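# Would you be able to build a 3D model of this:
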Amino acid sequence: MAKPVIFSGIQPTGNLHIGNYLGAVKNWVELQNSGQYDCYFFIADYHSLTGQDSADERRTKIQTLAAELVALGIDPESTTFFVQSHVAEHTELAWIFNSITPIAELQRMTQFKDKSVQQEKNINAGLLTYPILQAADVLLYRPALIPVGKDQEQHLELTNDIVRLFNKRYGEYFQMIKPIFTELPRVMSLLEPSKKMSKSLGAGHVIELCEEPTQIETKLKKAVTATEGGGQAPGAANLLLLLKQFGSAEAYNTFAKSEKDGTIRYGDLKQELTRSIGDYFRDFRARRAELLANPKQLHGILETGARKAQKVAAATMQTVRQLVGIR
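Residues are numbered from 1 along each chain as shown. I've put the predicted structure just below:
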């Protein structure tokens with residue numbers, strides 16, 4: 001009996017940070033290793049074109065992301081792991097979906113509004129149609145489940161709207177997509193703990209997975225902890241959350257208790273967290289360096305994954321072309 005298909009992707013925006021890991025990649029690895037699913041994970045390089053990277057910057061980021069995902073445990077032997085642009089059917093299906101999606105549906109998307117503010121000098125059409133390409137990415141592989149955070153719920157709703165529009169016009173073919181909303185830790189900025197950890201805030205706001213303990217220590221020393229007003233400060237809560245994820249249960253319980261009774265020494269907490277994060281990602285850093293030093297191996301991994309993905313995508317598009325009348 002065939003396993004349910006799970007599909008997800010991530011943009012190449014630079015070195016992965018702790019928020020990326022806890023918010024997505026850790027969950028991917030667990031789903032993959034459960035043995036219950038047929039997993040498809042991809043690097044969304046076409047989506048990155050809506051940003052402002054140069055061609056050379058984008059190539060470097062794609063290669064780095066591929067190395068980091070494999071180093072974190074994405075297994076090319078058991079998972080279909082590929083780069084979006086290596087499978088031409090993604091953009092072909094997106095154009096077909098462009099032709100049935102009302103523009104009003106795109107204009108109400110909150111991500112378009114947010115990104116337009118972030119890059120007000122580069123509000124391109126891709127920012128508006130981004131969710132249609134995202135729907136095509138997903139539906140090409142006809143997955144049963146999509147692991148997503150709540151912040152992607154609106155995009156998932158649009159994907160299912162596109163399913164309804166396509167099926168009504170051309171006949172029942174695509175199935176509604178069901179999300180896996182897992183309880184994922186919400187990691188906040190080190191310097192502004194009221195905001196989600198993001199590289200767009202600046203380098204000092206994030207801990208990148210590839211950083212050495214000395215770099216982690218420097219950043220944590222500057223991390224916000226206590227604030228005026230009493231109660232558990234967001235900064236302290238964020239550091240304790242990280243210790244719970246990456247440290248020992250004993251260390252977490254000790255610091256959580258001392259924070260509650262007001263005896264905590266934040267310098268000690270930051271030192272313990274530096275050790276814990278540094279140790280947790282030690283093997284990752286070594287494997288990442290090996291892969292980046294061997295680009296031919298990385299190329300082979302991605303080429304093999306693209307061939308596997310393309311077989312499925314081609315079968316989907318063969319049927320879609322017949323349904324819409326272009327074959």
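# the strands in this protein, which residues?
Remark: strands assigned in the chain by DSSP state E are 5-10, 38-43, 80-83, 145-147, 178-180.
# now the ones you listed in CSV, with mean neighbour count?
To be clear about C-beta, it is placed using only N, CA and C from the backbone, and glycine gets the same treatment. Formatted as CSV, these follow (neighbours: other C-beta atoms under 10 Å):
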stretch, mean neighbour count
strand 5-10, 21
strand 38-43, 24
strand 80-83, 24
strand 145-147, 19
strand 178-180, 15
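# now those as JSON lines including mean pLDDT and distance to T218?
Formatted as JSON lines, the strands of the chain follow (pLDDT from 0 to 100; distance: least, C-beta to C-beta, whole Å):
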{"stretch": "strand 5-10", "mean pLDDT": "95", "distance to T218": "27"}
{"stretch": "strand 38-43", "mean pLDDT": "97", "distance to T218": "30"}
{"stretch": "strand 80-83", "mean pLDDT": "98", "distance to T218": "33"}
{"stretch": "strand 145-147", "mean pLDDT": "87", "distance to T218": "33"}
{"stretch": "strand 178-180", "mean pLDDT": "86", "distance to T218": "36"}
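# how about a markdown table for those strands, with distance to E30 added?
Listed next are the strands of the chain as a markdown table, based on distance: least, C-beta to C-beta, whole Å:
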| stretch | distance to E30 |
| --- | --- |
| strand 5-10 | 11 |
| strand 38-43 | 11 |
| strand 80-83 | 16 |
| strand 145-147 | 10 |
| strand 178-180 | 11 |
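# Out of the ones you listed, which is closest to Q154?
Closest approach to Q154 among those is made by strand 178-180 (11.5 Å; C-beta to C-beta).
# closest one to N238 among the strands of the chain?
Of all the strands of the chain, it is strand 5-10 that lies closest to N238, at 22.3 Å by C-beta to C-beta.
# Need the mean per-residue confidence for the lengthiest helix in the chain.
Taking DSSP state H as the criterion, the chain has its longest helix at helix 295-324. Taken as a whole, helix 295-324 has an average pLDDT of 98.
# And it, what's buried?
Going by neighbour count (16 or more other C-beta atoms under 10 Å), the buried part of helix 295-324 is 298, 301-302, 305-306, 308-310, 312-313, 316-317, 320, 323.
# so where's the chain shaky on pLDDT?
Across the chain, the ranges flagged by pLDDT under 70 are 112-114, 116-120, 227-232.
# What I need now is the buried residues of helix 295-324 written out in JSON lines, including distance to S34 for each item.
Shown next, in JSON lines, are the buried residues of helix 295-324 (distance: C-beta to C-beta, whole Å):
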{"residue": "L298", "distance to S34": "26"}
{"residue": "I301", "distance to S34": "22"}
{"residue": "L302", "distance to S34": "24"}
{"residue": "G305", "distance to S34": "20"}
{"residue": "A306", "distance to S34": "25"}
{"residue": "K308", "distance to S34": "20"}
{"residue": "A309", "distance to S34": "21"}
{"residue": "Q310", "distance to S34": "26"}
{"residue": "V312", "distance to S34": "21"}
{"residue": "A313", "distance to S34": "25"}
{"residue": "T316", "distance to S34": "25"}
{"residue": "M317", "distance to S34": "30"}
{"residue": "V320", "distance to S34": "31"}
{"residue": "L323", "distance to S34": "34"}
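# how far off strand 5-10 does the longest helix of the chain point, in degrees?
Helix 295-324 and strand 5-10 are oriented at 120 degrees to each other (axes from the mean of the first three to the mean of the last three C-alpha atoms, to 10 degrees).
# list the helices and strands helix 295-324 packs on?
helix 55-72, strand 80-83, helix 89-98, helix 282-292 (3 or more C-beta pairs under 8 Å, 6 or more residues apart in numbering; DSSP states H and E).
# Go through those and pick out the most buried.
Highest mean neighbour count among those (mean count of other C-beta atoms under 10 Å): strand 80-83, with a mean of 24.
# So which elements touch it?
strand 38-43, helix 55-72, helix 295-324.
# Need these in TSV (columns: distance to A125).
Formatted as TSV, the helices and strands packed on strand 80-83 follow (distance: least, C-beta to C-beta, whole Å):
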stretch	distance to A125
strand 38-43	22
helix 55-72	19
helix 295-324	22
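# So which of these is nearest F281?
With C-beta to C-beta as the yardstick, what comes closest out of the helices and strands packed on strand 80-83 is helix 55-72 (8.9 Å).
# Outside of that closest one itself, list whatever touches it.
Contact partners of helix 55-72, identified using C-beta atoms under 8 Å, 6 or more residues apart in numbering, comprise 10, 12-16, 21, 25-26, 29, 41, 43, 45, 48-49, 53, 76, 81, 83, 209-210, 284, 287-288, 291-292, 295, 298, 301-302.
# Give me the distance from the longest helix of the chain to the chain's centre.
Taking C-alpha atoms, centre = their mean, to the nearest Å, one finds the center of helix 295-324 at 21 Å from the center of the full chain.
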